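*Asks:* got a structure for you, letters missing:
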């Protein structure tokens with residue numbers, strides 16, 4: 001098979017390219033910009049384009065499939081050439097579905113928790129040497145790639161993103177997978193650039209659950225009112241399994257959940273993660289893994305990259321980073337760290353980086369989201385707002401939106417981190433949250449300086 005990738009440098013796209021290369025497919029690709037770690041990983045597998053840019057001459061009649069990434073535009077010259085030649089063009093999710101038609105497709109959907117739930121299931125399957133194909137939105141310890149496709153496995157595990165499929169297909173990605181087993185974790189309005197109203201956003205999840213194959217299974221968080229309503233009103237040809245918060249306790253900075261008469265120690269924490277564990281457990285049950293087996297495996301799960309990931313620590317201070325950026329994720333993450341370490345003060349920093357979070361109307365939804373932090377800091381980059389072609393927001397607007405008198409707002413990341421370095425850190429924790437990277441800051445270097453290692 002000869003497969004060409006348009007926009008091969010994307011996080012998901014380059015992982016898929018590597019996965020197909022490992023299946024001995026002939027891979028080519030193009031992109032107008034490729035950053036790390038994609039560049040080094042593509043180079044390792046000898047599929048890094050020689051030059052950046054779009055080259056219609058690469059598109060030839062002998063190509064079996066063209067995979068189109070979201071980063072490309074509808075008028076991309078390579079796409080136009082492929083259309084002219086009548087080649088088979090797939091979006092990223094379309095190709096994943098084609099590769100898993102004859103497998104049990106497990107799709108994890110929701111506004112939050114998708115990566116963690118997918119990672120827990122993958123960890124559990126791997127723990128018991130149950131092979132599966134997968135696609136996940138974060139790098140996991142012990143897994144070289146974020147996408148694996150093969151011809152032998154019977155299970156395909158997919159993190160079901162609700163964002164758009166491709167420049168020429170405006171459906172949400174998770175509408176294309178047609179799951180046999182689906183999980184819906186929670187719904188909180190996001191991606192307002194493509195879902196301009198809450199009702200329109202909500203409708204995408206209603207469609208998702210009604211695309212579950214007949215005789216399939218929907219696992220859903222019954223603590224979320226919208227999720228519960230969608231599950232109850234979904235089609236009657238599927239099995240429906242609710243989950244909630246398991247019995248738990250925190251002792252000496254460690255979290256435990258109860259199974260029968262035993263307390264199971266965990267390496268992760270936070271109410272949202274405990275619910276994620278319970279949802280993942282029900283998925284694993286559907287795949288033939290018992291509760292007893294699941295709890296044996298979950299003890300060793302350390303978490304996914306940038307999901308309450310421990311950067312560094314000493315006897316007095318723990319420093320975490322997290323992908324939290326939407327109001328619901330931000331509130332849950334700050335609350336989780338504060339509850340895990342109730343005797344320590346919490347310094348929490350959020351970078352507003354997404355289209356939604358930098359929108360002057362959407363930021364009103366952040367009201368109260370940092371109230372569990374003793375020292376709440378917010379950073380946003382004015383140039384990022386300019387690149388996204390959004391109206392300028394001010395520090396005062398952001399402070400008013402969060403409605404927290406202790407909040408300090410920055411538009412210069414170097415000033416933020418200088419203030420962090422000058423703080424007293426005895427018996428204080430630091431939480432850094434962003435879907436970006438605070439202008440390329442080296443988290444580990446900052447952590448070393450704060451901890452004076």
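*Replies:* Thanks, I have the structure now. Not measured: the values here are computed from a predicted model.
*Asks:* Can you give me the domain boundaries for the protein?
*Replies:* Using automatic domain parsing, the domain ranges for the chain come out as 2-87, 95-298, 309-451.
*Asks:* can you list the ones you listed in a markdown table and add mean pLDDT and mean neighbour count?
*Replies:* Quick note: C-beta positions are derived from backbone N, CA and C, even for glycine. Formatted as a markdown table, the domains of the chain follow (pLDDT from 0 to 100; neighbours: other C-beta atoms under 10 Å):
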| stretch | mean pLDDT | mean neighbour count |
| --- | --- | --- |
| domain 2-87 | 96 | 18 |
| domain 95-298 | 95 | 19 |
| domain 309-451 | 95 | 18 |
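*Asks:* show me the contacts for residue 250.
*Replies:* Applying C-beta atoms under 8 Å, 6 or more residues apart in numbering to residue 250 gives the contacts 256, 269, 339-340.
*Asks:* how about those, which pair is most distant?
*Replies:* Using C-beta to C-beta, the contacts of residue 250 reach their maximum pairwise distance at 256 and 339, which is 13.6 Å.
*Asks:* related to what we said a few turns ago, next step: the contacts of residue 250 restricted to helices.
*Replies:* Judged by DSSP state H, the contacts of residue 250 include 339-340 as members of helices.
*Asks:* Which one of the contacts of residue 250 is nearest to residue 168?
*Replies:* Checking those against residue 168 by C-beta to C-beta gives residue 269 as the nearest, at 42.5 Å.
*Asks:* hang on, the closest one packs against residue 256?
*Replies:* No: shown here, residue 269 and residue 256 do not form a contact pair, counting by C-beta atoms under 8 Å, at 9.9 Å.
*Asks:* Against residue 15, how distant is residue 42?
*Replies:* With the distance defined as C-beta to C-beta, to the nearest Å, residue 42 ends up 10 Å from residue 15.
*Asks:* Residue 415 now?
*Replies:* From residue 415 over to residue 15 (counting by C-beta to C-beta), the distance is 36 Å.
*Asks:* Endpoints of stretch 251-267, how far apart?
*Replies:* Criterion C-alpha to C-alpha, to the nearest Å; first-to-last residue distance in stretch 251-267 is 13 Å.
*Asks:* got a list of contacts for that stretch?
*Replies:* Stretch 251-267 has contacts (C-beta under 8 Å, 6+ apart) with 246-250, 268-270, 274, 277, 291-292, 295, 298-303, 340-341.
*Asks:* swap the cut-off to 6 Å and go again
*Replies:* With contact meaning C-beta atoms under 6 Å, 6 or more residues apart in numbering, stretch 251-267 is reached by 246-249, 269, 295, 302.
*Asks:* Most widely separated two among those residues?
*Replies:* 247 and 302 (22.4 Å).
*Asks:* returning to what we had before: tell me the one of the contacts of residue 250 nearest residue 22?
*Replies:* Of these, the one sitting nearest to residue 22 (C-beta to C-beta) turns out to be residue 269, at 35.1 Å.
*Asks:* From residue 384, how far off is the closest one?
*Replies:* Per C-beta to C-beta, residue 269 is found 31 Å from residue 384.
*Asks:* show me where the stretch 51-200 of the chain has strands.
*Replies:* 65-68, 89-91, 104-109, 133-135, 147-148, 155-159, 164-166, 169-172, 181-184 (DSSP state E, counting those that start in this stretch).
*Asks:* Can you lay out the ones you listed as a markdown table showing distance to residue 32?
*Replies:* Below are the strands of the stretch 51-200 of the chain laid out as a markdown table (distance: least, C-beta to C-beta, whole Å):
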| stretch | distance to residue 32 |
| --- | --- |
| strand 65-68 | 14 |
| strand 89-91 | 19 |
| strand 104-109 | 31 |
| strand 133-135 | 24 |
| strand 147-148 | 22 |
| strand 155-159 | 26 |
| strand 164-166 | 16 |
| strand 169-172 | 21 |
| strand 181-184 | 35 |
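*Asks:* Tell me which of the ones you listed sits nearest to residue 394.
*Replies:* Taking C-beta to C-beta, strand 164-166 is the member of these nearest to residue 394, at 30.2 Å.
*Asks:* Show me the helices in this protein, by range?
*Replies:* Under DSSP H, the chain gives helices at 11-22, 38-44, 77-85, 92-99, 114-127, 198-209, 225-233, 271-286, 291-298, 327-340, 382-387, 395-402, 413-422, 443-451.
*Asks:* These: which one's closest to residue 59?
*Replies:* Checking the helices of the chain against residue 59 by C-beta to C-beta gives helix 77-85 as the closest, at 4.1 Å.
*Asks:* can you list the residues that contact the closest one?
*Replies:* By C-beta under 6 Å, 6+ apart, helix 77-85 touches 6, 30, 54, 56, 59, 61, 66, 89.
*Asks:* re the thing from before, for residue 182, which of the helices of the chain is the nearest?
*Replies:* Of the helices of the chain, the one closest to residue 182 (C-beta to C-beta) turns out to be helix 198-209, at 6.4 Å.
*Asks:* list the helices and strands the closest one packs on?
*Replies:* Packing partners of helix 198-209 (3 or more C-beta pairs under 6 Å, 6 or more residues apart in numbering; DSSP states H and E): helix 225-233.
*Asks:* Could you list every helix and strand in contact with the helix it packs on?
*Replies:* If contacts are counted by 3+ C-beta pairs under 6 Å, 6+ apart, helix 225-233 sits against helix 198-209, strand 217-221.
*Asks:* With distance to residue 408 as extra columns, can I get these in CSV?
*Replies:* Putting the helices and strands packed on helix 225-233 into CSV (distance: least, C-beta to C-beta, whole Å) gives the following:
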stretch, distance to residue 408
helix 198-209, 30
strand 217-221, 34
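*Asks:* These: which one's closest to residue 390?
*Replies:* Among the helices and strands packed on helix 225-233, helix 198-209 sits nearest to residue 390 (C-beta to C-beta), with 18.7 Å.
*Asks:* Nearest to residue 22, out of the strands of the stretch 51-200 of the chain?
*Replies:* Residue 22 lies closest to strand 147-148 among those, at 8.3 Å (C-beta to C-beta).
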